[in-house]
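K.L.:
This is the structure alone, sequence omitted:
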């Protein structure tokens, strides 16, 4: 089978699976073991999850398992509503932004894709991090990557508003120490144990600044598809090589810290209902047992401390 035919089949499978997205809901039974919490319950830093920018993932929605895992590690969790202003950000120890969208793209997942944040908000968040704030920025495939691209650009990251994948490969993506796509570092250690694998579920590809440290890097077979409309692919859909791009990175920034990931479901625990049954996607998926450990490692690294 030639490369073009493999790509066509891969695109068709992605397109067929796209309607499942509307049937995703949180797996409220997901309870991974946390034997050595970072803090006693309720004693940890305050993690604010953004809900003021049409976010696809929210504290009580698709990121409910995210919030519950973090709380079980002793962190406090609150929703952040409204625009980003300095006084409100200063009440947060860690800010999580997951899959923000512009009001103009609600129900309109096609180009043009507009920024989810005003210029003033981008400047405010940038200055907040530089002055000591801790940001966990998560932006998925198109249109979420495009919606967060201006904010990412303020920190030197180049979000690619497309779909990162390996042609003709179906199912989740594995980043492992063995295949060289998982980079050992501060974020890939949990309770003194090295993480050897992480699973993602079709995100974006982005460039990183020189002083950032990669976590998930893309290999030689990776491409980024650039459709005009999300999940609508055809053989002539533009694509770019993604072998020099990334899906996870982190860095110290001024007096603050920044973690950036290009896939959101990996930190969720969702159930997807289809005509063929109900399937797990996220931290609850078999094979993704290290994902919740990566999540907690990220929050612990971002922790501003006493």
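P.N.:
It's in. What you see is a predicted model; the values in this text were computed from it and never measured.
K.L.:
Can you give me the first-to-last residue distance of stretch 161-175?
P.N.:
End-to-end distance for stretch 161-175: 21 Å, by C-alpha to C-alpha, to the nearest Å.
K.L.:
Where does pLDDT dip in the stretch 151-300 of the chain?
P.N.:
Within the stretch 151-300 of the chain, not a single segment meets pLDDT under 70.
K.L.:
one more time with 90
P.N.:
Applying pLDDT under 90 to the stretch 151-300 of the chain flags residues 168-171, 192, 272-278.
K.L.:
what ranges do the helices span in it?
P.N.:
291-302 (DSSP state H, counting those that start in this stretch).
K.L.:
what about the strands in it?
P.N.:
All strands of the stretch 151-300 of the chain, identified by DSSP state E, counting those that start in this stretch, fall at 158-160, 163-165, 173-176, 189-190, 193-194, 197-200, 205-207, 213-217, 223-225, 239-241, 246-253, 256-261, 269-274, 277-282.
K.L.:
Using a markdown table, lay out these together with mean neighbour count and distance to residue 70.
P.N.:
(Glycine included, C-beta is placed from N, CA and C.) What follows is the strands of the stretch 151-300 of the chain, written out as a markdown table (neighbours: other C-beta atoms under 10 Å; distance: least, C-beta to C-beta, whole Å):
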| stretch | mean neighbour count | distance to residue 70 |
| --- | --- | --- |
| strand 158-160 | 20 | 24 |
| strand 163-165 | 26 | 26 |
| strand 173-176 | 20 | 22 |
| strand 189-190 | 16 | 14 |
| strand 193-194 | 11 | 19 |
| strand 197-200 | 24 | 18 |
| strand 205-207 | 24 | 24 |
| strand 213-217 | 21 | 18 |
| strand 223-225 | 21 | 30 |
| strand 239-241 | 15 | 35 |
| strand 246-253 | 22 | 17 |
| strand 256-261 | 24 | 14 |
| strand 269-274 | 19 | 12 |
| strand 277-282 | 16 | 14 |
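K.L.:
In JSON lines: those strands, plus distance to residue 100.
P.N.:
JSON lines is the format used below for those (distance: least, C-beta to C-beta, whole Å):
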{"stretch": "strand 158-160", "distance to residue 100": "12"}
{"stretch": "strand 163-165", "distance to residue 100": "18"}
{"stretch": "strand 173-176", "distance to residue 100": "23"}
{"stretch": "strand 189-190", "distance to residue 100": "27"}
{"stretch": "strand 193-194", "distance to residue 100": "32"}
{"stretch": "strand 197-200", "distance to residue 100": "19"}
{"stretch": "strand 205-207", "distance to residue 100": "15"}
{"stretch": "strand 213-217", "distance to residue 100": "21"}
{"stretch": "strand 223-225", "distance to residue 100": "20"}
{"stretch": "strand 239-241", "distance to residue 100": "24"}
{"stretch": "strand 246-253", "distance to residue 100": "18"}
{"stretch": "strand 256-261", "distance to residue 100": "13"}
{"stretch": "strand 269-274", "distance to residue 100": "18"}
{"stretch": "strand 277-282", "distance to residue 100": "19"}
